[in-house]
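Student: Sequence and predicted structure below; questions after.
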Protein chains: 2
Amino acid sequence: MSHFTEIDNLAVNTLRLLSVDTVDAAQSGHPGAPLGMSPAAHVVWTKFLNLNPKNPDFCNRDRFVLSNGHAVAMLYSLLHLAGFNYKIEDLQQFRQLGSKTPGHPEFDLEGVEITTGPLGQGISNAVGMAIAQANLAATYNKPGFELSNNHTYVFLGDGCLQEGVASEAASLAGHLQLKNLIAIYDHNHITIDGSTDVSFTEDVLKRFEAYGWEVLTVENGDSDLDAIYNAIAQAKQSNKPTLIQNKTTIGYGSVNEGTHSVHGSPLKADDIAQLKTKFGFDPKKKFDVPQEVYDLYKTQLAQRGLESNKIWDQNFAQYKQKYPELGAEFQRRLNGELPANWDSTLPVYTPKDSAIATRKLSEMLLDSIHSTLPEVLGGSADLTPSNLTRWKEAKDFQPPSSGLGDYSGRYIRYGIREHAMGAILNGISAYGVGYKPYSGTFLNFVAYAAGAVRLSALSGHPIVWVATHDSIGVGEDGPTHQPIETLAHFRALPNLHVWRPADGNEVSAAYKVAIESKSTPSIIALTRQNLPQLEGTSIEKASKGGYVLQDVANPDLIFVATGSEVSLSVDAAKILASQNIKARVVSLPDWLSFDRQPEQYRKSVLPDGVPILSVEVLATNGWGKYAHQHIGMTTFGASGKAPLVFKHFGFTPEVVAEKAAKTVSFYKGKTIVSPLSSPF
Amino acid sequence: MSHFTEIDNLAVNTLRLLSVDTVDAAQSGHPGAPLGMSPAAHVVWTKFLNLNPKNPDFCNRDRFVLSNGHAVAMLYSLLHLAGFNYKIEDLQQFRQLGSKTPGHPEFDLEGVEITTGPLGQGISNAVGMAIAQANLAATYNKPGFELSNNHTYVFLGDGCLQEGVASEAASLAGHLQLKNLIAIYDHNHITIDGSTDVSFTEDVLKRFEAYGWEVLTVENGDSDLDAIYNAIAQAKQSNKPTLIQNKTTIGYGSVNEGTHSVHGSPLKADDIAQLKTKFGFDPKKKFDVPQEVYDLYKTQLAQRGLESNKIWDQNFAQYKQKYPELGAEFQRRLNGELPANWDSTLPVYTPKDSAIATRKLSEMLLDSIHSTLPEVLGGSADLTPSNLTRWKEAKDFQPPSSGLGDYSGRYIRYGIREHAMGAILNGISAYGVGYKPYSGTFLNFVAYAAGAVRLSALSGHPIVWVATHDSIGVGEDGPTHQPIETLAHFRALPNLHVWRPADGNEVSAAYKVAIESKSTPSIIALTRQNLPQLEGTSIEKASKGGYVLQDVANPDLIFVATGSEVSLSVDAAKILASQNIKARVVSLPDWLSFDRQPEQYRKSVLPDGVPILSVEVLATNGWGKYAHQHIGMTTFGASGKAPLVFKHFGFTPEVVAEKAAKTVSFYKGKTIVSPLSSPF
Ligand SMILES: [Ca+2]
Ligand SMILES: [Ca+2]
């Protein structure tokens, strides 16, 4: 017996034509994928998806991720039909500046779970969402109280499957046995260059089986709604993540169906007309939604979701009575709050404390805060003993059958998969319920995840990268492992904290800002080598991103430095003092936090009238924002013992002091405008 | 019958102990992998590898890539045994500053084919080398003249296999049926975090079968030399690329063998002593090489290679007589030369020519030069119709059985695999014989390949990225596709040309410099939208990286701009002229080329005494090097029609002119030091 009626077919075609009209109104966008994927989308949304359009943030909702984000016209159409706050007028404004229907799905839009478009990200984000769900369930579910049991559904195309980030994420998802993850692969044989025969002839299902996934096939995804239904129902029974290969025709119904010419350009007017006629619609009408279709989405999606949300609320009310502590904690996380005084256990240091590598200070900090913050999920891309990212009593997040941990574990072994790790962090964060994930790798290899880091910043996921081995201080491993351009790269991204702490108090400040951040991600760059605890640092001062560490009256020069070069600048200042040159030392561990301070404060740190010299053992690009002259790296690094490598590149107090003295002479008698001063 | 004698076992243990002593001398490095991989390395080097230590650049040599580059102590030991220019004293200087034995393999070292260490790169580079070989053979081989038939051997570990870049490359290699590629997977179950059970439990062989590879297994890679031999012999017979899973014990022989504690730290003294005793060596001797072992490498490697090189030379001499044109071309490429006057067909434009998108100008240029330069191998990561990277008559590089092209084709369909594409470019370039590969993708997605781009710059592979859609000019696709930080990122890398041409002449200059470059890669950022042909441009001037485009006597202000903002600045200068503010306009399409000009020239373009305002619709980070004030992007972009998006962010002649006027007022009466002036 079929689960569907003629109204479902009508709804599928309505969804197709809404997408086509949306792209047509913009005269820009991608009609091909929506025409092919609408049947599967309709089945998932009306038969399976647990969503409450009246409460889009319902925490146990199913997550729907459109990994092939260029099919966004279909997503907006679905959100409209389901009763989210998208009107026909919004669809008509598709891809217009300032509209609520931009060219790709954006995280901050209602009903959109995550920003997609850059291929391979969405499926990897979905792995993160599935991890978050598994952890939430293992942490809070109790007999009779299934607070968390949602599924994550992800649509993806051939493009996503070719991207390495998706391969990494899929391999990890298979290892972790994330059975709540269901991926629907729109297998239409077409990408922008034409047939997938030109470059993508692998056996995808076999590959996913090799990863440990369940794999299923729907032979006719263009019209066999029951086959789609049965595949999803079967996937929900599996103990593994499932990939459903759904065979479809790109641009189904168009005169150019099955070719790449329907991928990325609006259909022509006469094509749209024949399409509407073919589907039994009036070719003269645009954005035509039969009332039965609205009714179907109302009864089969909106009402189901509303009811489910109501039951969950009642259930949670009882849960809070029976498990007051856990219930309060869950409620706090739902409220987006941190525990009161959570930061009281942040380590504080004085200059009497010994010199310690900032990566080690980070480990000590994690040891001191992990028990206060159950929402923190740590991990490393196979560099745990180097990144020092694992607190002492951490339990691994692992499938229980592995014997290596369970889903309540909060330390994730990402394997050597930096890009997937970055995308998974975004997915965990987007899942909500206060999750605060962090990752570990060498600073130099955060670049492997650049695509995901960019989306963290663009979407405002307040995730954290613990990025150790932050300079030529890496030493013997040499230039392949020594970052040069890395901080310049990430500082050029809007909305990203890029910390490079100089000592223990600055490490605490970096974590304090990172954990309290609601919508800004953080990279915390940490040393391999020991650094002294400095006079003049404090969590409060460092939290401003930049501050005067050591001062003198009427300075002749200001050093501005980060990380390991702060103590170097302090030492250089001492040499200068012996030459009667007075130098202020400014520590600037995070540019973004500093930029967010009032102008008056910033100008008090870096005023007009004094030459400012930046000192940082990385590329100097970007330092023109704060300093007149720069000491940095102009080449790649070198393999050798770290102290010798520093010396080789001129990072000694003597050389820095000499360059500083030359800078003072150079600017003598000149008007000196602070780089912070701007005419507009 | 065995192919090996007791001397081979002695040689394997010699290789193991040389590696251990090398790491021990440095008190830094990775002894575990060499102890496990030495048997396979010995078999490959003495039974298969065609190398001539007296002529390391012999063009038909087999390529050996150590993708798990941390095992480099073994590579240096092999190079020493084989008679390359590595003495025992060089091994003793392992990882010391300035030595010829740095911490990871570096491309410019003798006998090292490619820089490795960042995981996943080497195997992907090897795919590029195999592509180059297939193309070379298809282009030049003639009956009786097999100028090219080398194999590419690559060693890799669990780490490389987890990286997405390797997955992308392996999928493409399977599609391309690169039978000359043999990968030996050191399967030791250990990574830095411990057992691969914690994160890597997929079925690797099944995955590679799904990619279209031949897969073989050696059960006892610790000592069964014949099994290794047979597997490789079988691989050479296959019509596909082959992955040999070679089961080994990390740190074989050490008291901690089979654990991650032997991965990344030197063995303890007593462990080394017991190891030497176990292998029948004197525990008191270091760097001990029995004469029989030297003799074996002499007869079974050096002499074979010398002979092979000699035969090849004779063969090539005859080839040149029989095929004078092809022979001369091959010889030219071996000499590292371009055809005489190759650049005479570069397009030249005047202001009367119509406005054209620079991506389209790039396509026109490729159309005009491809037939002159058979060493150019193009391609795109599935964006051919957007990147416009394919010249009209291009033939695809495809396996002949596909019916879509053949190996003499020079256009590679990379699929949606940017990172692998970047690594493959490096491999093609490293292969030599003049190969000059270029790739295509959106500028924003070059970031997916950041790991490979970094290695292009570090190793000096003069490859080219054709990077289109270079700003918010992308328009409707929105912020996920609009680069902001991208140029700041890549400009911060040493040794990388980052071009952003303003018109057709500048496009020609970018390609001229890129193609003539011997050791600097290039990114050429191109617009989606049309740009006018400017007054004042020329290939010659633009080749300097920066020049005065339009000048006035005693300027009040200097605009410095790139790409689409050059014509914008010209228009703003016109508005200023009507306000009696005189503005020079400088075009700075490539910072690196400009930085390489004499100081006098640079200061003539950007002198002291005039305020300089940069205009570029990207992050301003880095512009402090050339300008005092900056107009740029401080947020991510937005989805909308491109002209409206430009206007929204203030990129109009009026707004730019207004900010320029404020800049002139701001600096009035102040000493103005050119950012090019430095006290040290
Ligand atoms: Ca949202
Ligand atoms: Ca070399």
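Tutor: Right, received. Where do you want to start? Ligands and ions are numbered 1, 2, ... in the order given.

Student: who's in contact with the residue nearest to residue A:591 when sequence neighbours are not counted?
Tutor: In space, residue A:591 comes closest to residue A:491 once its chain neighbours are excluded; the distance is 5.7 Å by C-beta to C-beta, 6 or more residues apart in numbering or on different chains. (Each C-beta comes from the backbone N, C-alpha and C, glycine too.) Shown in contact with residue A:491 (C-beta atoms under 8 Å, 6 or more residues apart in numbering or on different chains): A:498, A:591, A:592, A:622, B:621.

Student: Would you mind giving these as a markdown table with neighbour count added?
Tutor: Converted to a markdown table, the contacts of residue A:491 look like this (neighbours: other C-beta atoms under 10 Å in any protein chain shown):
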| residue | neighbour count |
| --- | --- |
| A:498 | 27 |
| A:591 | 23 |
| A:592 | 19 |
| A:622 | 29 |
| B:621 | 26 |
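
Student: Narrow those to those in helices?
Tutor: A:591, A:592 (DSSP state H).

Student: for the contacts of residue A:491, which one is nearest residue A:315?
Tutor: Distances from residue A:315 to the contacts of residue A:491, taken as C-beta to C-beta, are shortest for residue A:592 (41.1 Å).

Student: Check which helices and strands the helix or strand harbouring residue A:524 sits against.
Tutor: Using DSSP states H and E, residue A:524 falls within strand A:522-526. In terms of contacts (3 or more C-beta pairs under 8 Å, 6 or more residues apart in numbering or on different chains; DSSP states H and E), strand A:522-526 is packed against helix A:358-369, strand A:464-468, helix A:486-491, strand A:497-499, helix A:504-516.

Student: Return the residues in contact with the residue in chain A that chain B sits nearest to.
Tutor: Closest to chain B within chain A is residue A:624: 1.4 Å, counting by C-beta to the nearest C-beta. With contacts defined as C-beta under 8 Å, 6+ apart, residue A:624 is in contact with A:630, A:675, B:622, B:623, B:624, B:625, B:675.

Student: Verify the stated contact: the last one with residue B:630.
Tutor: In other words, residue B:675. No. At 11.1 Å, residue B:675 does not count as touching residue B:630 under the criterion of C-beta atoms under 8 Å.

Student: okay, those two: which has more neighbours?
Tutor: Relative neighbour count places residue B:630 above the other of residue B:675 and residue B:630, with 24 against 20, counting by other C-beta atoms under 10 Å in any protein chain shown.

Student: For that one, which non-adjacent residue is closest in space?
Tutor: Per C-beta to C-beta, 6+ apart, closest to residue B:630 is residue B:620, 3.8 Å.

Student: Next to chain B, which bits of the stretch 251-400 of chain A? Give me the list.
Tutor: Residues of the stretch 251-400 of chain A lying near chain B by C-beta under 8 Å from any C-beta of the partner chain: A:380, A:382, A:383, A:384, A:385, A:386, A:396, A:398.

Student: In contact with the third one, which residues?
Tutor: To tie it back to what came earlier, the one meant is residue A:383. Counting by C-beta under 8 Å, 6+ apart, residue A:383 has contacts A:389, A:440, A:441, A:442, A:468, B:192, B:193.

Student: what's the answer for the fifth one, then?
Tutor: Residue A:385 makes contact with B:192, B:193 under the criterion C-beta under 8 Å, 6+ apart.

Student: Next, it: phi, psi?
Tutor: phi -70, psi -10 (degrees, to the nearest 10).

Student: Return the distance of it relative to residue A:447.
Tutor: 22 Å (C-beta to C-beta, to the nearest Å).

Student: pLDDT at residue A:594, what is it?
Tutor: For residue A:594, the pLDDT comes out at 98.

Student: Who are the packing partners of the host helix or strand of it?
Tutor: Under the criterion of DSSP H and E, residue A:594 resides in helix A:591-595. Other elements packing on helix A:591-595 under the criterion 3+ C-beta pairs under 8 Å, 6+ apart are strand A:497-499, helix A:599-605.

Student: and if we set it to 6 Å?
Tutor: Contacts defined by 3 or more C-beta pairs under 6 Å, 6 or more residues apart in numbering or on different chains; DSSP states H and E place helix A:591-595 against no helix or strand at all.

Student: buried set for the helix or strand where residue A:314 lies?
Tutor: Residue A:314 belongs to helix A:303-322 when assigned by DSSP H and E. Within helix A:303-322, the residues that count as buried by 16 or more other C-beta atoms under 10 Å in any protein chain shown are A:304, A:305, A:306, A:308, A:309, A:312, A:316, A:319.

Student: Most widely separated two among the residues of the stretch 251-400 of chain A next to chain B?
Tutor: Once C-beta to C-beta is applied, these give A:386 and A:398 as the farthest pair, at 21.1 Å.

Student: what about those two, which has more around it?
Tutor: Shown here are residue A:386 and residue A:398; by other C-beta under 10 Å, residue A:398 has more neighbours (22 against 18).

Student: Check what pLDDT that one gets.
Tutor: At residue A:398, pLDDT is 98.

Student: One more: residue A:1?
Tutor: 83.

Student: Any figure for the gap between the closest residue to residue A:139 other than its chain neighbours and residue A:67?
Tutor: Nearest non-adjacent residue to residue A:139, counting by C-beta to C-beta, 6+ apart: residue A:408, 5.2 Å away. According to C-beta to C-beta, residue A:408 stands 28 Å off from residue A:67.

Student: who's more crowded, the two?
Tutor: More crowded of residue A:408 and residue A:67, by other C-beta under 10 Å: residue A:67, with 31 against 17.

Student: What is the neighbour count of residue A:255?
Tutor: 15.

Student: Thought residue A:270 was touching it, still the case?
Tutor: No. Contact criterion C-beta atoms under 6 Å: residue A:255 and residue A:270 do not qualify, at 8.3 Å.

Student: Could I get the buried residue list for stretch A:225-238?
Tutor: A:225, A:227, A:228, A:229, A:231, A:232, A:235, A:238.

Student: Just to be sure, residue A:3 is in a helix?
Tutor: No. Counting by DSSP: H, G, I helix; E, B strand; the rest coil, residue A:3 falls outside a helix, being coil.

Student: With adjacent residues omitted, what lies nearest to it?
Tutor: Closest to residue A:3 by C-beta to C-beta, 6+ apart is residue A:229, at 5.1 Å.

Student: if I look at the one you found, how far off is residue A:249?
Tutor: Residue A:229 is 19 Å from residue A:249, by C-beta to C-beta.

Student: ok, residue A:342 touching residue A:370?
Tutor: No. The pair residue A:342 / residue A:370 is not scored as a contact, 11.3 Å apart, by C-beta under 6 Å.

Student: So for these two, which sits in the more crowded spot?
Tutor: residue A:370 (19 against 15).

Student: residues contacting that one?
Tutor: Applying C-beta atoms under 6 Å, 6 or more residues apart in numbering or on different chains, we find residue A:370 in contact with residue A:391.

Student: now do 8 Å
Tutor: With C-beta under 8 Å, 6+ apart, residue A:370 has these contacts: A:376, A:378, A:391, A:394, A:410.
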